[in-house]
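[1] I'd like to go over a predicted model; first the sequence, then the structure.
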Amino acid sequence: MRITTWNVNSVKQRLPHLLAFLDEARPDALCLQELKCQDAAFPRAEVEAAGYAVETLGQKAYNGVALLVRAPLTMSEIRRGLPGDAADEQARYIEALVSGPDTAPVRVASIYLPNGNPVDSPKYPYKLAFLERLQRHARALMADEKAIVLAGDYNVIPELADAADPEAWRSDALFRPDSRMAFRALLAEGYTDGLRACDPRDGLYTFWDYQAGCWPRNVGIRIDHLLLSPQAADRLISASVQKHLRGLDKPSDHVPVTVELSAG
DNA sequence: ATGACCTAACTTTTAGGA
């Protein structure tokens, strides 16, 4: 089973690239972030015509996450919103149990973690609180001892090697010690960084800023991650970054990241 | 050395991104 995460930076702007990606890469499950539209505006008919079932948690203008699964896979036990703060109205978390005839089920989450900048604003504590809620929920899910893939835009640069210019991020919410500690705490719960487990090389990036010629200069960061429970990590065959999509016309500033799991 | 983007919104500027 191929599971991909992709921050599309507006699903409406990115629809041609999204449909082309579904056709070419044929992921079994696709986690989308930054839809930037409400549920009613999601291009559901086009995605369904491509052979995918869709579950969304949209929001006007900002945030928004979705899960797509390719037939004959189906989704059940849909969870919208991350537990732990009933007052949180930002659309940043959707989860489903993905099942099919030829594969053991996998619980998949699409996560859009808060950016957290500027760090002297309420946005940073909101980010850290979201990470704590995610850790608590990740721990609770682990009790089932089943395959889980927590995928998304974490807005965390885990290590120095995950940035072309780490000094530029030293005091940024994406690289501050508290953010990185919270990411490590997720790993300490028993989750595996799927891409890192398959590819130890420096220079693996998933985001290049639109500004300052970051893409042509390959000044990127790795912030989109797939975290695997032990039962999912046991099935991990390969992981890869679909970097070429950043070179298309009108690209997202993020590219897809994919893990391939055995049928189990 | 320097500047350099993109998206959505009751749009002619701002907020948010990272």
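    Perfect, I can see it now.

[2] quick one: A:Phe207 and A:Ile223 touch, right?
    Yes. Counting by CB atoms under 8 Å, A:Phe207 does reach A:Ile223; the two are 5.4 Å apart. C-beta: built from backbone N, CA, C; applies to glycine.

[3] For these two, list the residues in contact with both.
    A:His254 (CB atoms under 8 Å, 6 or more residues apart in numbering).

[4] near DNA strand B, which residues of chain A show up?
    Within reach of DNA strand B by CB under 7 Å from any atom of the strand, chain A has these residues: A:7, A:9-10, A:12-13, A:34, A:36-37, A:60-62, A:114-115, A:117, A:123, A:153, A:155, A:174, A:207, A:209-213, A:221, A:223, A:250, A:253-254.

[5] I'd like the list of these that fall within strands, please.
    A:Asn7, A:Asp153 (DSSP state E).

[6] For PyMOL, what selects the buried ones among the residues of chain A next to DNA strand B?
    To isolate the buried members of these in PyMOL, using 16 or more other CB atoms under 10 Å:
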select buried, chain A and resi 7+9+34+36+37+114+115+117+153+155+174+207+221+223+253+254
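
[7] Inside helices: which ones of the residues of chain A next to DNA strand B?
    Under the assignment DSSP state H, these contribute A:Lys123 to helices.

[8] So what does the residue nearest to A:Pro43 when sequence neighbours are not counted look like in phi/psi?
    Leaving aside its chain neighbours, A:Pro43 sits nearest to A:Leu15 (5.3 Å; criterion: CB to CB, 6 or more residues apart in numbering). Note on A:Leu15: its backbone torsions stand at phi -50, psi -40 [degrees, to the nearest 10].

[9] Now do A:Leu15: how many residues are near it, please.
    A:Leu15 has 15 neighbours, counted by other CB atoms under 10 Å.

[10] Make sure it is actually in contact with A:Arg44.
    No. A:Leu15 lies out of contact with A:Arg44 (CB under 8 Å); the separation is 11.2 Å.

[11] Buried residues of stretch A:166-183, list them for me.
    A:Trp169, A:Asp172, A:Ala173, A:Leu174, A:Phe175, A:Arg176, A:Ser179, A:Arg180, A:Ala182, A:Phe183.

[12] Now do the SS call for the closest residue to A:Gly152 other than its chain neighbours.
    Of all residues not flanking A:Gly152 in the chain, A:Ile111 sits nearest, at 3.2 Å (CB to CB, 6+ apart). At A:Ile111 the chain is in strand, as set by DSSP: H, G, I helix; E, B strand; the rest coil.

[13] Good, wrapping up.
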